[in-house]
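[1] Generate a structure from the sequence data that follows.
(4 chains)
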Protein chains: 2
Amino acid sequence: MMPKVLVVDDDLDMLSLVCAALEKDGHQIDTEADALAVQPARCQQYDLLLLDVMMPGEDGFSLCRRIRAEVDCPILFLTAKAEEAALVEGFGLGADDYIKKPFSVAELRARVNAHLRREVRQPTHTLSRGGVRFDMQAKVAIAGEHTLPFTRGEYAICEHLALHAGQVFTKEQLYEAVFGFEAEGDPSAVAEHIKNIRAKLKADAINPIETVWGVGYKWRKTSAR
Amino acid sequence: MMPKVLVVDDDLDMLSLVCAALEKDGHQIDTEADALAVQPARCQQYDLLLLDVMMPGEDGFSLCRRIRAEVDCPILFLTAKAEEAALVEGFGLGADDYIKKPFSVAELRARVNAHLRREVRQPTHTLSRGGVRFDMQAKVAIAGEHTLPFTRGEYAICEHLALHAGQVFTKEQLYEAVFGFEAEGDPSAVAEHIKNIRAKLKADAINPIETVWGVGYKWRKTSAR
DNA sequence: CGCGTCCTTATAAAATCCTTAAAAATGGCT
DNA sequence: AGCCATTTTTAAGGATTTTATAAGGACGCG
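    Numbering: from 1, shown residues only, chains lettered A, B, ... in the order given. This is a model prediction of the structure:
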């Protein structure tokens, strides 16, 4: 799953330099020398955009302004302008980073990778929510220093709730989430599992599962409340 | 909804400078001078962390390494070290940005806001009307800083009214909206819910539900009053 | 066969919803 | 303006629904 990056710069030397740098990280790079040729629809296939600010024809800021509303991926500016006003303007347009020339290849790679990592939900198969750490590979949950003695079903329900923290699921939805197909089971079986999960979490004084009366259950969102 | 930011730095002058800058954007700032006192559980309530790299006791890199697995908000480093190796190391630890001292206040604000902006762009189906924010996934309504203790029926009626602000609904229509069609219930039950909704909203001094005499109820379209 | 997990059933507890009834408000009428 | 019919608001109580808890049995696996 190679991340796709589009680099827009009129300076061909710069283009080849940037490409060479990013290809070391295994990204797939496309280049474009003419900002006016960049349409929003085209950008939607990329995971990250690198725009030079100063270009003949259309500059990077104008390009960003033109496509930002329809493009959701991170946008990074490359610029020689070190002026603070320009930097603030860039961020104001919805940019995600602003790399000042001259920059080192290492810094460029580090910043690009940092944004991509956050964007593509990196292949980290662990998740921490509300004081519980889930190892989705090993299928174990850890609270504090000890692993929680969850059964398979309990772990599956717990992980599903934590993965979609804040969203409410009915018992039927949770049952399906665990068994995949439409296995018509008694919803009260889910209630039983919820009870056991809460009991096992109580030892660590954490209770992240809220019940939404008449609807179902949800994992309490950490940020909001 | 004010974003919460934690700043960790041993330099008290720097702390107050950073706080003053970020508070201009309406963020809620907490500070901590001792990195060793920062625990993962504490970090989970913040939307962004600002860490100084060079600190006595534990440095920023070590702190980041210690908490990154359990914290998924953006982490930004503040540093005087301009060396490329340190920068790459910082990003390698899962950092999201690296701000070199001396930095301008404008740049600090711009970068912090850029990360917060992207963080908030999460696909949460929310609706804000008349001072009340509805999270349709979590099935909760929030006014000001606290969630409203709506029951299922109250929330459903309230959301339906807010979603179609300005449109008048009879009690029967509202009843159907909540329970689907053909649920012939006493319309006065709806009046009961309206009363409870208004009572719970009164604590926040907002009263967006108007009664149209002889017809039904509607959510005031404009916040004019 | 023993063990653990999962499901079912039964009962208690909790919360919500609906009904009922009376008080207050509104609009139309003379 | 004053009165009346209608509608809305408010209040309280019981009925209903939903959830929590506990115990027992079915099933699969080693």
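
[2] What's the end-to-end length of stretch A:92-112?
    Using Cα to Cα, to the nearest Å, one end of stretch A:92-112 lies 19 Å from the other.

[3] hmm, it touching chain B?
    Yes: counting by Cβ under 8 Å from any Cβ of the partner chain, chain B has neighbours in stretch A:92-112: A:92, A:94, A:95, A:96, A:97, A:98, A:104, A:106, A:107, A:109, A:110, A:111. C-beta coordinates here come from the backbone N, C-alpha and C atoms, glycine included.

[4] Quick check: the two most widely separated of these?
    Distances among the residues of stretch A:92-112 next to chain B were taken as Cβ to Cβ; the most separated pair is A:92 and A:106, at 28.0 Å.

[5] Tabulate the residues of stretch A:92-112 next to chain B in CSV, adding columns for secondary structure, distance to residue A:6 and pLDDT.
    Below are the residues of stretch A:92-112 next to chain B laid out as CSV (DSSP: H, G, I helix; E, B strand; the rest coil; distance: Cβ to Cβ, whole Å; pLDDT from 0 to 100):
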residue, secondary structure, distance to residue A:6, pLDDT
A:92, helix, 22, 91
A:94, coil, 16, 90
A:95, coil, 15, 93
A:96, coil, 14, 94
A:97, strand, 15, 95
A:98, strand, 17, 93
A:104, coil, 22, 88
A:106, helix, 22, 91
A:107, helix, 20, 92
A:109, helix, 16, 94
A:110, helix, 19, 94
A:111, helix, 16, 95
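
[6] out of those residues, which one sits closest to DNA strand C?
    Of all those, residue A:94 has the smallest distance to DNA strand C: 41.0 Å, by Cβ to the nearest atom of the strand.

[7] Report the contact partners of the closest residue to that closest one other than its chain neighbours.
    In this structure, residue A:94 finds its nearest non-sequential neighbour in residue A:68, 4.4 Å apart by Cβ to Cβ, 6 or more residues apart in numbering or on different chains. Residues near residue A:68 by Cβ atoms under 8 Å, 6 or more residues apart in numbering or on different chains: A:75, A:93, A:94.

[8] The second one - nearest residue in space that isn't next to it in sequence?
    Closest residue to residue A:93 apart from its sequence neighbours, by Cβ to Cβ, 6+ apart: residue A:64 at 4.7 Å.

[9] in what helix or strand does the one you found lie?
    Here residue A:64 sits within helix A:60-67, counting by DSSP states H and E.

[10] Same check on residue A:133?
    Here residue A:133 is assigned to strand A:132-135, by DSSP H and E.

[11] Sheet-wise, list the partners of that strand with their directions.
    When pairs are called by DSSP bridges, strand A:132-135 turns out to pair with strand A:126-129 (antiparallel), strand A:140-143 (antiparallel).

[12] which one of those strands lies closest to residue B:42?
    Closest of the strands paired with strand A:132-135 to residue B:42 is strand A:126-129, at 13.4 Å (criterion: Cβ to Cβ).

[13] need the contact list for the residue in chain A that DNA strand D sits nearest to.
    Here chain A gets closest to DNA strand D at one residue, residue A:211, 3.7 Å apart by Cβ to the nearest atom of the strand. Shown in contact with residue A:211 (Cβ under 8 Å, 6+ apart): A:194, A:217.

[14] isn't the residue nearest to residue A:93 right up against residue A:94?
    Yes: between residue A:64 and residue A:94 there is a contact at 6.7 Å, judged by Cβ atoms under 8 Å.

[15] Pull up the overlap in contacts between these two.
    Contact with both residue A:64 and residue A:94 is made by residues residue A:75, according to Cβ under 8 Å, 6+ apart.

[16] tell me which parts of chain A are close to DNA strand C?
    A:149, A:151-154, A:179, A:183, A:185-186, A:188-189, A:192-193, A:213-214 (Cβ under 7 Å from any atom of the strand).

[17] Which of these scores worst on pLDDT?
    Minimum pLDDT for the residues of chain A next to DNA strand C is recorded at residue A:183 (61).

[18] Buried residues of the strand holding residue A:133, list them for me.
    Going by neighbour count (16 or more other Cβ atoms under 10 Å in any protein chain shown), the buried part of strand A:132-135 is A:132, A:133, A:134.

[19] Could you check which helix or strand contains the nearest residue to residue A:151 once chain neighbours are set aside?
    Leaving aside its chain neighbours, residue A:151 sits nearest to residue A:196 (7.7 Å; criterion: Cβ to Cβ, 6+ apart). Using DSSP H and E, residue A:196 sits within helix A:187-202.

[20] partners of whatever helix or strand comes next after that helix in the sheet?
    Next helix or strand after helix A:187-202 toward the C-terminus (DSSP H and E): strand A:209-212. As defined by DSSP bridges, the strand partners of strand A:209-212 come to strand A:216-219 (antiparallel).

[21] The strand it pairs with close to DNA strand D?
    Yes: against DNA strand D, strand A:216-219 shows contacts by Cβ under 7 Å from any atom of the strand at residue A:216.

[22] How about the residues of chain A by DNA strand D?
    Neighbours of DNA strand D within chain A, by Cβ under 7 Å from any atom of the strand: A:171, A:187-188, A:191-192, A:194-195, A:198, A:211, A:213-216.

[23] let's see 6 Å
    By Cβ under 6 Å from any atom of the strand, the residues of chain A that approach DNA strand D are A:188, A:191, A:192, A:194, A:195, A:198, A:211, A:213, A:214, A:216.

[24] so which of these comes closest to chain B?
    The shortest gap between chain B and any of the residues of chain A next to DNA strand D belongs to residue A:214, at 3.7 Å (Cβ to the nearest Cβ).

[25] Once you drop chain neighbours, what's closest to that closest one?
    That would be residue B:152: by Cβ to Cβ, 6+ apart, it lies 3.7 Å from residue A:214.
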